[in-house]
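In: got a structure for you, letters missing:
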């Protein structure tokens, strides 16, 4: 009886420690489910030409782009977050006017720490070209899901 009571006591203490421990990261499946819902919202806002799309980006987002120039040169760019967010917001009315809608295929979701890397192929209706896009999404300190990095390509016409 003493051995059983001691075992039960140790088990109860262990369970209390587990229950009181704060989780350090969302379970993988939960984070990927949230990333899929986040990306669905991203696409919906883009297709609606909604300037609120800029609110999906962290104020410290890292924006990297490879520009393929008409002469064949490739120009790598890193755009400051504030400049990118302003340009995106300002571009929405023009995007609506010219029908700049992208479609996305081949989406994959991979955990990177407590964030999720979304890799997709984007087809631009304006550029008429498919190119890879990678975005890193996850919760900020307050739990809001945001984009922390975007790596893409653009193809400029002659």
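Out: Arrived safely. As the structure is a prediction and not an experimental result, all values here were calculated from the model.

In: any idea what the residue minimising distance to the centre of the chain is bridged to?
Out: Residue closest to the average C-alpha location in the chain (C-alpha atoms, centre = their mean): residue 137, at 3.1 Å. Taking DSSP bridges as the rule, residue 137 bridges to residue 116, residue 147.

In: that one: what's it in contact with?
Out: The contact partners of residue 137, by C-beta atoms under 8 Å, 6 or more residues apart in numbering, come to 35, 38-39, 115-116, 118, 145-148. All C-beta atoms are positioned from the backbone trio N, CA, C, and that covers glycine.

In: same check, this time on residue 120
Out: Counted by C-beta under 8 Å, 6+ apart, residue 120 has contacts 39, 104-108, 132-134.

In: please pick the buried ones from those residues.
Out: Listed as buried from the contacts of residue 120 are 39, 104, 133; burial here means 16 or more other C-beta atoms under 10 Å.

In: out of the residues you listed, list just those in helices.
Out: Of the positions in those, residue 39 sit in helices, assigned by DSSP state H.

In: could I get the buried ones among the contacts of residue 120 as a markdown table with distance to residue 30?
Out: Listed next are the buried ones among the contacts of residue 120 as a markdown table, based on distance: C-beta to C-beta, whole Å:
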| residue | distance to residue 30 |
| --- | --- |
| 39 | 15 |
| 104 | 22 |
| 133 | 24 |
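
In: need the contact list for residue 123.
Out: 102-105, 129-130.

In: tell me which of these is nearest to residue 141?
Out: The shortest approach to residue 141 among these belongs to residue 104, at 28.5 Å (C-beta to C-beta).
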